[in-house]
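Undergrad: Predicted model follows, preceded by the sequence.
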Amino acid sequence: MKIRTAVFPVAGFGTRMLPATKAIPKEMITLVDKPLIQYAVEEAIDSGIEQIVFVTGRTKRSLEDHFDNNIELNKILWDSGRTKLYEDMKRISEMVDVIYVRQKEQLGLGHAILCAKEIIKNEPFAVILPDDIILAKEPVTAQLIRQYERTGGNVISLMKVEECYAYKYGIVQVESRLDDKLFKLSDMVEKPKDTPPSELAIIGRYILMPEVLEVLKTIKPERLGEIQLTDAIRSEAKRGNVYGFEFTGKRFDCGDKTGLLEATINIAASSSELSGELKRIISALKL
Ligand code: UTP
């Protein structure tokens, strides 16, 4: 079955990026001149996704406005002859129809995805966490969809991390290696305290089967009252239906200051408009 829907859970508090995230969701933080959410939506569209669901919290207004048509702004840009900007703004509002679902209480990523159940219905779907920005020739969601078409099961995105950083991630346990980049998974550990079961960490892109939603419904909130997505995927892994794919691309954790800075510099460095200026700014710093 074709992957038509992508769920974007954007209801987290984004505490690592306070005070920027006090009144706006972290997905509206910009990388150079585009909010994180737009990078992620473009990735979904370029991967063939037709329906986008934002699971939002109390700060959804700015997201809605960003993908809406701003008639006054368009008129000003058109009347003043700034046609390139005018076209850009129109393109954003025509990009995609977004469905908004409210997560009334921040009860974790698993719970956020469950909030989209009525829209997803009984189909496999993609999940995109927009604070993980991944620059890649072929969009990462498209890479995962190809693996789903091959395996017919749940596919999660993986990236190698050094052991000293494993404590920040969910780390997978591999049952078997199907090819250079594709693995069948037997288990996973969220933020391991001891030796991690592998060097492969889970990154914020998933293709999930509707059965995961059924499992999520049965999961008890953990210590902090959150329903974890990893718990549902673990239980599917035990049934032999979860694959991990080591994607090709460069990933930045933009929910964190260092990651955001690194992504900003990388995007500026690869822009013909900004790379010269970036060089000048950095060399003037005499680091
Ligand atoms: P994070 O673990 O990054 O949490 O959530 P957070 O609240 O966004 O950020 P910090 O750690 O406090 O800085 C991972 C993803 O799950 C979403 C977030 O919006 C993010 O995309 N999420 C998390 C929800 O939608 N609802 C929740 O209840 C929790």
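TA: Cool, the structure landed. Numbers count the residues shown, from 1 in each chain.
Undergrad: got the buried residues for stretch 241-248?
TA: Using 16 or more other CB atoms under 10 Å as the test for burial, stretch 241-248 gives 241, 242, 243, 244, 245, 247. Bear in mind the C-beta positions are built from the backbone N, C-alpha and C, glycine included.
Undergrad: Would you check that the last one makes contact with residue 158?
TA: The one in question is residue 247. Yes: judged on CB atoms under 8 Å, residue 247 makes contact with residue 158 at a distance of 7.2 Å.
Undergrad: Give me the common contacts of those two.
TA: residue 203 (CB atoms under 8 Å, 6 or more residues apart in numbering).
Undergrad: Now for the closest residue to residue 142 other than its chain neighbours: which residues touch it?
TA: Nearest residue to residue 142, sequence neighbours excluded (CB to CB, 6 or more residues apart in numbering): residue 47, at 3.9 Å. Neighbour list for residue 47: 6, 126, 139, 141, 142, 145 [criterion: CB under 8 Å, 6+ apart].
Undergrad: what about the closest residue to the second one other than its chain neighbours, helix or strand, and which?
TA: It stands for residue 126. Of all residues not flanking residue 126 in the chain, residue 6 sits nearest, at 4.2 Å (CB to CB, 6+ apart). Element membership of residue 6 [criterion: DSSP states H and E] is strand 5-10.
Undergrad: can you check residue 21 too?
TA: When the helices and strands are read off by DSSP H and E, none of them contains residue 21.
Undergrad: What pLDDT does the model give it?
TA: In the prediction, the pLDDT value recorded for residue 21 is 91.
Undergrad: go on, residue 101?
TA: pLDDT at residue 101 comes out at 95.
Undergrad: which strand residues sit across from it in the sheet?
TA: On the basis of DSSP bridges, residue 101 takes part in beta bridges with residue 55.
Undergrad: Quick check, it in contact with residue 57.
TA: No: with contacts counted by CB under 8 Å, residue 101 stays clear of residue 57, the gap being 10.7 Å.
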